[in-house]
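**Q** Sequence first, predicted coordinates after that:
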Amino acid sequence: MKARIIPIVRAVRTTLPPGRDLVAPPEGELLDLRGRRVRDLRISVTDRCNFRCVYCMPKEIFDDDYAFLPRSKLLSFEEIVRIARIFVEQGVEKIRLTGGEPLLRKHIENLIEQLAKLPVEITLTTNGSLLRKKARALKDAGLHRVTVSLDGIADDVFKRMNDVDYAVGDVLDGIAAAAEVGLAPIKVNCVVKRGANDDQILPLARHFRGSGHILRFIEYMDVGSSNGWRMDEVVPSAEVVARINAEFPLQAVDANYPGEVAERWRYADGGGEIGVISSVTQAFCATCTRIRLSTEGQLYTCLFAQSGHDLRAMLRHGAGDEALRREIAAVWRGRDDRYSEIRTAATVLPGSKVEMSYIGG
Ligand code: SAM
Ligand code: SF4
Ligand code: SF4
């Protein structure tokens, strides 16, 4: 039977919360060349992963011969905390730990414990494989929330996506463990690649409806240089919303704050919330407040940057806090990135961009 098509209803926008206006920051606040604040710091704690997701770390490239970073090149926890503290002093409100697979970094809970002393929200993005084992320690260390990646609810599709034969049930068990210890609200992220897992959009929606977890669909991006990205493999968010809306009518929800990357929708019958992240079809560079610290201490002002700024060298050559503060401020003030707004066939040529597993998603 054909699904009923119901018009999508957009809710009326309310005013932004006070102090959240990107164009009127508090006096002295750090702004880049396009007037954007620095708000979110993403820290990659490892470039390694136990999955080989086809869109991120394809097996043919990330094989046994792949040169992952040696331990001596990784920032230590002390180095990470020092940089994070300076960022918080400069206006960062949210820190996300990522990778690679962040739960593969030994004693990650010790890092979280130190970061949790800063007056910011601490979150972590994971493939969920080690969550059952680690959820309690993460919560006790002070982690606020987790985002779990899950690219399908059918085992065969999910196994094809992670390419290491990892079962859906184990990720679901990890999500349950995170919920049990209160790492909520949990966001579940699905990258949609046409012809690979777009048949999972509705099954995932059906599964997580009413669960209290927020399912979000991410457009497949041309990040890095190894995934062989093609525009025709991107499923536009508008299509995702239309497909779900045809089965479960949706209503738009206001953003929590300007610059929130996910567009929020809720089931009209009260079944909870979903989100879509339109990184390709509706660029959100104008409100991008993110900066990324790579596993080896390179600072990147854009996910699609071709080069970073070497903070590790400064740290290891004895730079004081003031010098680091000045460097970080100079990097942000000189930031002009808007890759997704100006993406063209020429910009997606392979070979020059850093990998997502290195820079941190
Ligand atoms: N390993 C962890 C995980 O998968 O959640 C954290 C790191 S991963 C690089 C962070 C996020 O980036 C994941 O949600 C992943 O699906 C997403 N990602 C990776 N490559 C992507 C791509 N080419 N396009 C869109 N999202 C991508
Ligand atoms: Fe690993 Fe995450 Fe990349 Fe998948 S998306 S290969 S889990 S880093
Ligand atoms: Fe931010 Fe760069 Fe992504 Fe634009 S392309 S939203 S500037 S990270």
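**A** Looks like it arrived, so ask away. This is a predicted model, so every value here is computed, not measured. Numbers count the residues shown, from 1 in each chain. Ligands and ions are numbered 1, 2, ... in the order given.

**Q** which residues in this protein form strands?
**A** For the chain, the strands defined by DSSP state E cover 40-44, 94-98, 121-126, 145-149, 187-192, 214-219, 250-253, 263-267, 273-277, 290-293, 298-300, 309-310.

**Q** Reformat those into a markdown table and put distance to ligand 3 and mean neighbour count next to each item.
**A** All C-beta atoms are positioned from the backbone trio N, CA, C, and that covers glycine. Shown next, in a markdown table, are the strands of the chain (distance: least, Cβ to the nearest ligand atom, whole Å; neighbours: other Cβ atoms under 10 Å):
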| stretch | distance to ligand 3 | mean neighbour count |
| --- | --- | --- |
| strand 40-44 | 10 | 24 |
| strand 94-98 | 13 | 22 |
| strand 121-126 | 15 | 21 |
| strand 145-149 | 17 | 23 |
| strand 187-192 | 15 | 23 |
| strand 214-219 | 12 | 23 |
| strand 250-253 | 21 | 17 |
| strand 263-267 | 14 | 19 |
| strand 273-277 | 10 | 23 |
| strand 290-293 | 6 | 24 |
| strand 298-300 | 9 | 22 |
| strand 309-310 | 15 | 16 |
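
**Q** Can you add distance to ligand 2 and mean pLDDT and give these back as CSV?
**A** Output for those, formatted as CSV (distance: least, Cβ to the nearest ligand atom, whole Å; pLDDT from 0 to 100):
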stretch, distance to ligand 2, mean pLDDT
strand 40-44, 9, 98
strand 94-98, 8, 98
strand 121-126, 8, 98
strand 145-149, 6, 98
strand 187-192, 7, 98
strand 214-219, 10, 98
strand 250-253, 26, 97
strand 263-267, 21, 97
strand 273-277, 14, 98
strand 290-293, 14, 97
strand 298-300, 16, 97
strand 309-310, 23, 98
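
**Q** Pick out the residue of the stretch 251-361 of the chain closest to ligand 1.
**A** Nearest residue of the stretch 251-361 of the chain to ligand 1: G361, at 2.5 Å (Cβ to the nearest ligand atom).

**Q** can you give me the helices in the stretch 1-150 of the chain?
**A** 77-89, 108-115, 131-141 (DSSP state H, counting those that start in this stretch).

**Q** Could you check the angle the longest one makes with helix 108-115?
**A** So the one you mean is helix 77-89. Angle, helix 77-89 to helix 108-115, by axes from the mean of the first three to the mean of the last three Cα atoms, to 10 degrees: 40 degrees.
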